[in-house]
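**Q** here is the input, now give the coordinates:
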Amino acid sequence: MDDIRIFVAHSPDSRDICIRRPFLCHVAAGSSLWTRPVPQGMLRDDAGEHISGKNRAYCELTVQYYAWKNVRADYYGFCHYRRYFSFAPRPLPEEDCGCPVFPYISPYLQRRLCMDEETIRRRVEGNDFLIAEGIPVQALHARSVYDHYRRADGLHVRDLDLFLRILCRRHPYLAGAARSYMQGKVFYPCSMFLMKRVLFAEYASVLFDVLEAFEREADTGGYSREGLRTPGHLGERFAGIYYTYLKQAGGYRLGELQMVLAMHTRAGTAARPGEGEIPVALAADQGFVPVLAVCLRSLAEHADPGRRYHIYVLHTDIGEAGQAALRGMLRETPAGGCIRLDFADAGAWTDGYRLRAKGHISAPTYYRFLIPWMFRGCERVVYLDADVVVKADVARLYDLAPGDAMLAAAPDADFIGQCCGANPDTGQYCERVLGIKDPGGYMQAGVLVFYPQAWGGKAQARELFQMAQQGDYRYSDQDVLNIVCEGRTRRLDMKWNMLTDSGGMRLPVIRHAPAALLEEYETARRDPYIIHYAGSRKPWQDPGEDFAQEFWETARRTPYYERLLAGMEGSGAGRTLAEKALNLARSAAKAVLPRGSRIRRAIGGWYWRMK
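**A** Numbering: from 1, shown residues only. Sure, this is the predicted structure:
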């Protein structure tokens, strides 16, 4: 069997994901220039005979030089940390840029690329030379490959002219291919190819011979950073020239592979709180940052300065400015010196799943599925929805003994009240869809303590996401957690997750719950540890909402107070009108439809889904 090596170049000091697939060899490009330690398991291009120190000019070509001089293989391939070949049997959908684009390097992307050993071998060993699929220059707003270089920012066409003169002078057999390719209408990008040893030996000897002569003759003084990368850009053009030469020569088995671009490549790592730190996880998106700020401010103001906290925000789109603003806000609090705030991009783990948001519940709510995996080295992790105001030290919540539970959570008095008569359809849903034996044990998932080590191999993140995607659950991830953790949940006092009376509609429902639960809820309202603004009505939409004063008192001490005020004008009225229409329809149905009838029950179920 042929020895196939596909070298994946990683830029200096990068911390990008290394796909662990057959034949892929990850290489630290410009290793001699790295100021951080090269990650374990990654090759260095400054071993043996090398030009690693030229990486700022040669880019990924330093990896090609290293492979040429130091590695013996039957096939040599080259790609990048964010650009990979697709070995899929059918073309993947392409974007306007001329190639498929995926948001993350994720297991989903790897499956789409068909990067298994059998598939790669079959495609590679059936060819002498494979190159990244060409892009029509029209898509690049150019008239030819030469014109594309001429228009490139930071580059100078005189360098391309010099390179071509040297190539034709020193290796005249390539002159015709060079003219044809430069005048052609298809550009082969990124120095990405796979070729047999004998061809790669010729390719590399010509390329680096010409580039060495180019460096002696070219004048790059005063060039911009991009201009100094000219040798790398010229090497990219040479790949197309050599491919054109092989096509003109005939007798070679040639082909093209789709090049796939991944936008986010930073490696996601398991959370590792420091010794003695209390791990706290939240989830939010960019649009929810002002509300998240209120939550974080309240948490910090009630933190014990004698303890240490490590807060992780799971997200996919919170920008650097928002992250900096939140960190600055926490530093201003009395306990700021004992709080660390980190942001973890959840996109690579959730890519490929259709996480359906329902009503006021958004996609980030599903990110809590990642906690048992992300924090697998931790004994306990506190999770908070971002729409809470903290009124007590979360260290007290963290200190609860784990026992053999998978989760600690407060009961969901609203859901239980529905099951006990406020909405009989919910009771049927609990029994028939969720399969939960005791509705009275249904937990509210806005405040949780995870015990990652108790999860083991049960319902890991992928299984939880698959359940959420395949099932039609009214309460999204909360239903999934109740199914998976039934019988292995530690009960929290409702003070740790006191649900507000959203729109004045929650308390009438909870009155249908068992008397002891109603009494616990009423006690929690008098002295809540955590106020949870669950439901469709929020205090940042309507300042008359239940416990809105506590929210706005904290909001004034965040950098987003004015933005929250401005947002209230646009959101409150529309939502109020929609809810008024829904409530009007409910009242009309109650007046017209017979009690206990099937149609009344069906419409009641529809109402609670909408609510």
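**Q** residue 556 and residue 297, how far apart?
**A** Distance, residue 556 to residue 297, by CB to CB, to the nearest Å: 10 Å. Glycine gets a C-beta too; all of them are placed from N, C-alpha and C.
**Q** who has more neighbours out of these two?
**A** With other CB atoms under 10 Å as the criterion, residue 556 and residue 297 differ in neighbour count, and residue 297 comes out ahead with 24 against 12.
**Q** for that one, helix, strand, or coil?
**A** Recorded secondary structure, residue 297: helix (DSSP: H, G, I helix; E, B strand; the rest coil).
**Q** so that it lines up with my notes, have the first residue be 845 from now on.
**A** OK, 845 is where the count begins now, so the last one is residue 1141.
**Q** and it, what does it touch?
**A** When the contact criterion is CB atoms under 8 Å, 6 or more residues apart in numbering, the partners of residue 1141 are 1173, 1174, 1177, 1398, 1401, 1402.
**Q** now, these that are in helices?
**A** Among those, DSSP state H puts 1173, 1174, 1398 in helices.
**Q** rewinding a little: and the contacts of residue 1141, which two are furthest apart?
**A** The distance between the two most remote of the contacts of residue 1141 (CB to CB) is 13.1 Å, for 1174 and 1398.
**Q** for the stretch 895-1044 of the chain, what spans make up the strands?
**A** Using DSSP state E, counting those that start in this stretch, the strands of the stretch 895-1044 of the chain run over 919-924, 927-929, 945-948, 973-976, 979-980, 1030-1031, 1037-1040.
**Q** who wins for proximity to residue 1055 among the ones you listed?
**A** Between residue 1055 and these, the shortest gap by CB to CB is with strand 919-924, which sits at 15.7 Å.
**Q** mind giving me the packing neighbours of that closest one?
**A** Strand 919-924 is packed against strand 848-854, helix 905-914, helix 961-969, strand 1037-1040, helix 1041-1061, with contacts defined by 3 or more CB pairs under 8 Å, 6 or more residues apart in numbering; DSSP states H and E.
**Q** pLDDT of that strand, averaged?
**A** For strand 919-924, the mean per-residue pLDDT is 97.
**Q** how far away from the center of its chain is that strand?
**A** Its chain's C-alpha centre lies 26 Å from the corresponding centre of strand 919-924 when counted by CA atoms, centre = their mean, to the nearest Å.
**Q** hmm, back to that, include mean neighbour count when you put the strands of the stretch 895-1044 of the chain into CSV, please.
**A** Below are the strands of the stretch 895-1044 of the chain laid out as CSV (neighbours: other CB atoms under 10 Å):
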stretch, mean neighbour count
strand 919-924, 24
strand 927-929, 24
strand 945-948, 19
strand 973-976, 24
strand 979-980, 15
strand 1030-1031, 20
strand 1037-1040, 24
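**Q** quickly, which of the ones you listed bottoms out on average pLDDT?
**A** If you rank the strands of the stretch 895-1044 of the chain by mean pLDDT, strand 945-948 sits at the bottom with a mean of 87.
**Q** can you list the strands that it pairs with?
**A** The strands beside strand 945-948 in its sheet (DSSP bridges) come out as strand 1103-1108 (parallel).
**Q** around residue 1000, how many other residues sit close by?
**A** Around residue 1000 sit 17 other residues, with neighbours defined as other CB under 10 Å.
**Q** any chance of the contacts of residue 1141 in a markdown table, plus pLDDT and neighbour count?
**A** Conversion of the contacts of residue 1141 to a markdown table gives the following (pLDDT from 0 to 100; neighbours: other CB atoms under 10 Å):
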| residue | pLDDT | neighbour count |
| --- | --- | --- |
| 1173 | 97 | 19 |
| 1174 | 96 | 22 |
| 1177 | 94 | 20 |
| 1398 | 97 | 21 |
| 1401 | 97 | 16 |
| 1402 | 97 | 23 |
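**Q** list the contacts of stretch 1037-1049.
**A** Stretch 1037-1049 is touched from outside by 848, 850, 908-909, 912, 916-922, 929, 968, 971-976, 1083, 1086-1087, 1090, 1096, 1101, with contacts defined as CB under 8 Å, 6+ apart.
**Q** can you point out the buried residues in the helix or strand containing residue 1088?
**A** Remark: residue 1088 resides in helix 1074-1093, with elements defined by DSSP states H and E. The neighbour-count check on helix 1074-1093 (16 or more other CB atoms under 10 Å) flags 1074-1090 as buried.
**Q** now tabulate the strands of the stretch 895-1044 of the chain in TSV and tack on distance to residue 1222.
**A** Written out in TSV, the entries for these read as follows (distance: least, CB to CB, whole Å):
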stretch	distance to residue 1222
strand 919-924	34
strand 927-929	33
strand 945-948	24
strand 973-976	42
strand 979-980	46
strand 1030-1031	49
strand 1037-1040	43
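**Q** so which of those comes closest to residue 1345?
**A** Proximity to residue 1345, assessed across the strands of the stretch 895-1044 of the chain by CB to CB, is greatest for strand 945-948 (39.2 Å).
**Q** mind checking how far the closest one is from the chain centre?
**A** A distance of 10 Å separates the C-alpha centroid of strand 945-948 from that of its chain, computed with CA atoms, centre = their mean.
**Q** which residues touch that strand?
**A** By CB under 8 Å, 6+ apart, the list of residues contacting strand 945-948 from outside reads 939, 953, 956, 1104, 1105, 1106, 1107, 1108, 1109, 1191, 1192, 1195.
**Q** over to stretch 1172-1188?
**A** With CB under 8 Å, 6+ apart as the test, stretch 1172-1188 has contacts from 1112, 1115, 1118, 1121, 1137, 1140-1141, 1144-1145, 1147-1159, 1162, 1167, 1170-1171, 1218, 1402-1403.
**Q** tell me the SS of residue 1100?
**A** Using three-state DSSP, the secondary structure recorded for residue 1100 is strand.
**Q** I'd say it and residue 971 touch.
**A** No: under the criterion of CB atoms under 8 Å, residue 1100 lies out of contact with residue 971, with a separation of 9.8 Å.
**Q** looking at the contacts of strand 945-948, which two lie furthest apart in space?
**A** Taking CB to CB as the measure, those reach their widest spread between 939 and 1192, a distance of 19.5 Å.
**Q** neighbour count: those two, which is higher?
**A** For residue 939 against residue 1192, the residue with the higher neighbour count under other CB under 10 Å is residue 1192, and the figures read 22 against 11.
**Q** which SS state does residue 1369 fall under?
**A** Secondary structure, three-state DSSP: residue 1369 is helix.
**Q** tell me the contacts of it?
**A** Neighbouring residues of residue 1369 by CB under 8 Å, 6+ apart: residue 1342.
**Q** what distance do you get for the closest residue to residue 1279 other than its chain neighbours to residue 898?
**A** Nearest-residue entry for residue 1279: residue 1327, 6.7 Å, with adjacent residues in sequence omitted and distances by CB to CB, 6 or more residues apart in numbering. Shown here: residue 1327 relative to residue 898, a distance of 57 Å by CB to CB.
**Q** returning to that earlier point: quick one: which of the contacts of strand 945-948 is nearest residue 1388?
**A** Distance ranking of these against residue 1388, using CB to CB, places residue 1191 first at 37.0 Å.
**Q** surely that closest one touches residue 1108?
**A** Yes: in this structure residue 1191 lies within contact range of residue 1108 using CB under 8 Å: 5.9 Å.
**Q** low-confidence regions, the stretch 1095-1244 of the chain specifically.
**A** Screening the stretch 1095-1244 of the chain residue by residue with the criterion pLDDT under 70, one finds the ranges 1111-1114, 1200-1205.
**Q** which pLDDT value goes with the nearest residue to residue 1262 once chain neighbours are set aside?
**A** In space, not counting the residues next to it along the chain, residue 1262 is nearest to residue 1270; the distance is 3.8 Å by CB to CB, 6+ apart. In the predicted model, residue 1270 carries a pLDDT score of 91.
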